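A.B. asks: Generate coordinates for the sequence data below:
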Amino acid sequence: MPLPATFPDLVALDLFVSVVQLGSVSKAAGAHGISQPSATARIKGLERRLGLPLLERSPTGSVPTTEGAVVAGWAENVLRAADELATGVAALQAESSGLLRITASFTVAEYLLPAWLEQFLRHRPDDSVSLEVINSTNVVEHVRAGTAELGFVESPGRLVGLRSRVVARDRLVAVVGASHPWAKRRSRSVPLEALTTTPLVLREHGSGTREALTAALTAAGFDEPMSALDLGSTSAVRMAVIGGSAPTVISGLAVAADLEAGSLIAVEVPGLNIDRDLRAVWLKGKTLPPLVQSLLNQLPDL
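C.D. replies: Numbers count the residues shown, from 1 in each chain. A predicted model of the protein is given here:
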């Protein structure tokens with residue numbers, strides 16, 4: 001059955017739902033990156049097309065009419081389906097163009113993926129990879145949403161709705177800068193209690209490294225780690241510890257060269273043993289695109 005001529009424009013419908021959610025046309029206009037007069041014109045055009053008053057406007061904001069509230073409820077389902085269509089089309093376009101969309105946590109992206117992808121693309125001149133580097137929590141969200149065909153995470157959490165495979169293993173190590181008092185100890189060992197009461201340089205909330213450390217401390221009966229500084233990448237944490245006065249607990253892969261060079265010093269913390277699996281993740285129940293399957297076939301299977 002063909003759609004009626006009065007079927008609403010999806011862009012205007014999306015804008016209207018934003019007005020209902022945010023409570024004003026001006027806020028919705030800002031969220032959509034358009035001017036308030038343009039937003040007002042689109043909403044009025046939508047009302048004309050539907051033949052219904054959708055909003056009651058006042059100096060303090062906009063609220064949906066009775067009809068508008070009903071339309072907004074229906075519209076959310078329509079927009080959700082439209083989003084799924086757009087995501088699916090993007091996936092098909094990526095597959096037909098030889099583009100593999102990957103999202104990866106910082107440790108995997110910085111220290112493992114470059115070599116893996118160089119080898120993968122070496123004999124594939126017509127294929128390419130788009131890589132987005134974000135923390136593990138966001139990697140999982142992107143894969144679930146279909147905006148990436150494959151993800152790499154270092155998080156110990158449950159991966160609901162996803163399949164996974166271990167592709168590498170990593171150990172978190174406590175490190176300090178060469179001038180830190182802990183580096184000058186003869187044994188280079190500190191008790192776990194000292195670590196838990198010392199402010200650390202940490203990755204941001206949502207990172208796999210921070211989640212693994214928090215889980216280990218909680219399991220040992222301690223609170224979450226104390227933060228001296230939160231940073232958004234592993235490299236930033238490394239540099240802050242090398243040049244600063246606070247310790248960190250960080251990926252052994254990330255600091256191997258620094259430990260060898262002596263710019264960072266490993267500190268033993270009895271009772272702190274954090275070994276973690278680094279995983280490739282993809283949607284459960286979905287047939288993998290050929291490029292994804294080819295890359296998985298090349299990766300280590302531990």
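A.B. asks: close enough to count as contact, residue 216 and residue 274?
C.D. replies: Yes - look at residue 216 against residue 274 with CB atoms under 8 Å: they come within range, at 4.9 Å. Heads up, the C-betas are built off the backbone N, CA and C, glycines and all.
A.B. asks: pretty sure residue 170 is in a helix, no?
C.D. replies: No - Residue 170 is assigned strand when assessed by DSSP: H, G, I helix; E, B strand; the rest coil, not a helix.
A.B. asks: contacting residues for it?
C.D. replies: Neighbour list for residue 170: 107, 154, 251-253, 275-276, 278 [criterion: CB atoms under 8 Å, 6 or more residues apart in numbering].
A.B. asks: redo that, cut-off 10 Å
C.D. replies: 107-108, 111-112, 154, 208-209, 212, 250-254, 274-278 (CB atoms under 10 Å, 6 or more residues apart in numbering).
A.B. asks: what does residue 134 give?
C.D. replies: Counting by CB under 10 Å, 6+ apart, residue 134 touches 103-106, 109, 140-142, 148, 151, 206-207, 232.
A.B. asks: List only buried entries from the contacts of residue 170.
C.D. replies: Among those, those buried by neighbour count (16 or more other CB atoms under 10 Å) are 107-108, 111-112, 154, 208-209, 212, 250-254, 274, 276-278.
A.B. asks: Past the lowest-mean-pLDDT helix or strand in the chain, which element shows up next along the chain?
C.D. replies: Of all helical and strand segments in the chain, the minimum by mean pLDDT, DSSP states H and E falls on helix 66-96, at a mean of 76. Of the helices and strands lying after helix 66-96 in sequence (DSSP states H and E), the nearest is strand 99-104.
A.B. asks: just checking, what packs against that following strand?
C.D. replies: Based on contacts counted as 3 or more CB pairs under 10 Å, 6 or more residues apart in numbering; DSSP states H and E, the elements that strand 99-104 packs against are helix 66-96, helix 106-111, helix 113-121, strand 128-133, helix 136-145, strand 150-153, strand 274-283, helix 290-298.
A.B. asks: For it, give the mean pLDDT please.
C.D. replies: Strand 99-104 comes out with an average pLDDT of 91.
A.B. asks: what inclination does it have with respect to helix 136-145?
C.D. replies: If you take axes from the mean of the first three to the mean of the last three CA atoms, to 10 degrees, strand 99-104 sits at 150 degrees to helix 136-145.
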